[in-house]
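**Q** my questions concern the predicted model and sequence given below.
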Amino acid sequence: MPAHRPRKDVHAHMPPTTNPVPRRLGLTAVAATAAAALAAPALPAPAATAPATATVPLIDLPVPDGTVVHDALEDHAREVLTDRAVRLGRKAAALRDGRFRARAYRAVIDDWSVERLERRITRVRRQIRTLRRTGGAPAVPIPAALASIAACESGGNPRAIGGGGRYRGKYQFDMGTWASVGGSGDPAAAPELEQDRRAAMLYARAGASPWPVCG
């Protein structure tokens, strides 16, 4: 009977176990590297390159004498004011009687000073405001009797229209009578002050007879 051979220890021939690096050590190393990176000073950002600026050469220009500049400005101001005065003169004429000769008017004021043109413009503007209120009717005394005539004819309403459209305005003018005292257009559309003045002109000429019922 063969001798019993002792059993080989299986564990005796197994290679020794190599201990792996602990996970805790690997994480600690990564954390240390990150902390060092954060602690390092930040590098400055690269400066932006300024665009190249073209150099414009300076040019010496002659400077006109102060008197020349003043005269040029005054000439321009005179030209502007002359045009304005002509426009206002035309407007005033349209409100008054419609007759205006622009070329002759310009010839008169063309060589006026700036100050004189400004005074003329102020005066013509004032005239225009008056003409819009009076329709160009001259300033005449308004008789007290006209108030009662107007009250009887229209109730004092400057826009009243009666007689089937034939009689118009505060004093119920017909178109022929209105034109005879310098009126134009529709009497009922005229400013009230113009109607008063033209009625006064008619009253001065014919008394109360043009208003046979209310006179």
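**A** Sure thing, it's come through.
**Q** longest helix in the protein, by residue count?
**A** Of all the segments assigned as helix in the chain under DSSP state H, the longest by residue count is helix 66-96.
**Q** ok, then the element right after it?
**A** Going down the chain from helix 66-96, the next helix or strand is helix 102-109, by DSSP states H and E.
**Q** that following helix - what's its average pLDDT?
**A** Averaged over helix 102-109, pLDDT sits at 95.
**Q** which other helices and strands contact that helix?
**A** Secondary-structure packing of helix 102-109 (3 or more Cβ pairs under 8 Å, 6 or more residues apart in numbering; DSSP states H and E): helix 66-96. Any C-beta I mention is one placed from the backbone N, CA and C, and that applies to glycine too.
**Q** which other helices and strands contact the helix it packs on?
**A** Using 3+ Cβ pairs under 8 Å, 6+ apart, helix 66-96 sits against helix 102-109, helix 114-134.
**Q** and the angle for the longest helix of the chain with helix 102-109?
**A** 140 degrees (axes from the mean of the first three to the mean of the last three Cα atoms, to 10 degrees).
**Q** run the angle between helix 66-96 and helix 114-134 for me.
**A** Using the same axes, to 10 degrees: helix 66-96 against helix 114-134 is 20 degrees.
**Q** need the contact list for Thr177.
**A** Leu202, Pro210 (Cβ atoms under 8 Å, 6 or more residues apart in numbering).
**Q** is it true that Leu88 touches Ile121?
**A** Yes: with contact defined as Cβ atoms under 8 Å, Leu88 reaches Ile121; the gap is 6.2 Å.
**Q** okay, Glu94: pLDDT?
**A** No, residue 94 isn't Glu; it's Ala. 87.
**Q** pretty sure it contacts Phe100?
**A** Yes: using Cβ under 8 Å, Ala94 is in contact with Phe100, at 7.3 Å.
**Q** quick check: phi and psi on Ile161?
**A** Here is the backbone geometry of Ile161 (degrees, to the nearest 10): phi -130, psi 130.
**Q** one step back: got the buried residues for the longest helix of the chain?
**A** 78, 81-82, 84-86, 88-89, 91-93, 95-96 (16 or more other Cβ atoms under 10 Å).
**Q** what's the answer for stretch 184-191, then?
**A** In stretch 184-191, residues buried by neighbour count (16+ other Cβ under 10 Å) are Pro187, Ala188, Ala190, Pro191.
**Q** then stretch 147-158?
**A** Ile149, Ala150, Glu153, Ser154, Pro158.
**Q** okay, and the first one sits in which element?
**A** Taking DSSP H and E as the criterion, the element that holds Ile149 is helix 145-154.
**Q** which strands or helices does that helix pack on?
**A** helix 192-206.
**Q** show me the contacts for the closest residue to Ala77 other than its chain neighbours.
**A** Nearest non-adjacent residue to Ala77, counting by Cβ to Cβ, 6 or more residues apart in numbering: Val114, 5.3 Å away. Applying Cβ under 8 Å, 6+ apart to Val114 gives the contacts Glu74, Ala77, Arg78, Leu81.
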